[in-house]
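K.L.:
sequence and computational prediction follow.
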Amino acid sequence: MSNFALIGAAGFVAPRHMKAIKETGHRLIAALDPADSVGIIDAYFPDSDFFTEFERFDRHIEKLRREKSERRVDYVSITSPNYLHDAHIRFALRVGADAICEKPLVLNPWNIDALRSLEGEFGRRVYTILQLRLHPAIRALRDRIAAAPPSAPLEVELTQVSPRGRWYGYSWKGHEAKSGGIITNIGIHFFDMLLWIFGPVAGFEVVERTPDRASGFLDLRHAHVRWTLSLRFQDLPASCAAAGERACRRLTVAGEPIEFESGFSELHTACYAEILAGRGFGLDEALPSIDLAYRLREGSGLKI
């Protein structure tokens with residue numbers, strides 16, 4: 001049984017990490033978050049220690065390491081705000097643990113180079129959660145594209161509408177310097193998926209980029225993609241609203257809809273199982289979508 005620590009325990013996605021740790025047969029021994037609204041921990045690991053100050057958390061984890069305790073941390077799961085990820089990854093490596101970090105692993109591509117150097121220095125690994133690569137429908141689509149004879153790029157349309165209220169703009173997620181904005185914070189999942197299925201980028205165009213909506217085109221090796229990301233309630237399709245759905249994602253390939261809504265929330269456990277089996281996604285797998293999101297965020301929309 002491996003020991004985990006968790007940074008960002010009060011965050012939206014933290015429960016999926018707790019669930020994954022439990023379902024893969026391991027234990028959470030310590031958690032950290034400046035906010036103390038973390039009662040969700042009781043559903044998974046009521047015996048876990050909890051800290052609201054990083055310095056006391058650091059002292060505790062370091063004490064376990066030096067004492068060679070049976071509670072010494074093997075993995076640090078990171079669900080903190082995006083702009084803090086690389087700092088918390090460095091902490092994990094320094095205390096002799098592997099890091100398992102939510103997307104986006106970092107905001108800028110050059111941050112990957114620094115983490116790669118630290119992996120070598122400390123002899124530990126950095127993993128990230130690219131769960132759509134483990135979705136059965138997405139894996140089947142990738143296999144189908146890889147097996148198809150050469151042809152003109154396919155016409156692909158991706159739409160993700162995740163309505164958010166006013167709170168979003170007041171939180172760290174509403175600050176581009178901290179979250180990477182809608183393109184990185186929301187889009188990174190889907191850009192990684194598109195690159196993984198259809199190949200590397202030959203060009204792109206950003207048509208619209210506001211704090212709550214972005215759209216554009218991607219020219220990939222096997223696809224011409226029209227993409228749209230939105231946080232606006234009015235962009236939620238009527239069919240999704242009528243079904244009581246709070247978010248909507250649509251992917252069509254040459255006019256064929258690809259259904260990948262179901263099973264989405266179970267994929268964190270699958271990612272953890274792969275990491276613990278030595279097959280997790282690391283820095284090299286994370287880099288292409290981070291680089292693309294950075295270019296879309298910062299670029300002029302010209303061909304890259």
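P.N.:
Received it, and whenever you're ready, just let me know what you need. Numbering: from 1, shown residues only.
K.L.:
just the strands from the chain, written as ranges.
P.N.:
Using DSSP state E, the strands of the chain run over 3-7, 27-32, 49-51, 75-78, 98-101, 126-128, 154-161, 201-210, 213-220, 223-230, 248-253, 256-257.
K.L.:
so which of these gets nearest residue 296?
P.N.:
Closest approach to residue 296 among these (C-beta to C-beta): strand 201-210, 5.7 Å. The C-beta positions use only the backbone N, C-alpha and C, and glycine is treated the same way.
K.L.:
and the closest one, which residues are buried?
P.N.:
Across strand 201-210, burial judged by 16 or more other C-beta atoms under 10 Å covers 201, 204, 205, 206, 209.
K.L.:
related to what we said a few turns ago, next, format the strands of the chain as TSV and append mean pLDDT and distance to residue 139.
P.N.:
Shown next, in TSV, are these (pLDDT from 0 to 100; distance: least, C-beta to C-beta, whole Å):
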stretch	mean pLDDT	distance to residue 139
strand 3-7	98	27
strand 27-32	98	29
strand 49-51	98	37
strand 75-78	98	24
strand 98-101	98	21
strand 126-128	97	18
strand 154-161	95	17
strand 201-210	93	21
strand 213-220	95	18
strand 223-230	96	17
strand 248-253	92	14
strand 256-257	94	16
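K.L.:
of all the ones you listed, which one is nearest residue 170?
P.N.:
strand 201-210 (16.8 Å).
K.L.:
contacting residues for the residue nearest to residue 26 when sequence neighbours are not counted?
P.N.:
Closest residue to residue 26 apart from its sequence neighbours, by C-beta to C-beta, 6 or more residues apart in numbering: residue 2 at 4.6 Å. Neighbour list for residue 2: 26, 27, 74, 75, 276 [criterion: C-beta atoms under 8 Å, 6 or more residues apart in numbering].
K.L.:
biggest helix in the chain by residues?
P.N.:
helix 283-298 (DSSP state H).
K.L.:
report the angle between the axes of that one and strand 213-220?
P.N.:
Helix 283-298 and strand 213-220 meet at an angle of 120 degrees, taking axes from the mean of the first three to the mean of the last three C-alpha atoms, to 10 degrees as the criterion.
K.L.:
hmm, back to that, of the buried residues of strand 201-210, which is the nearest to residue 158?
P.N.:
Nearest member of these to residue 158, counting by C-beta to C-beta, is residue 204, at 13.3 Å.
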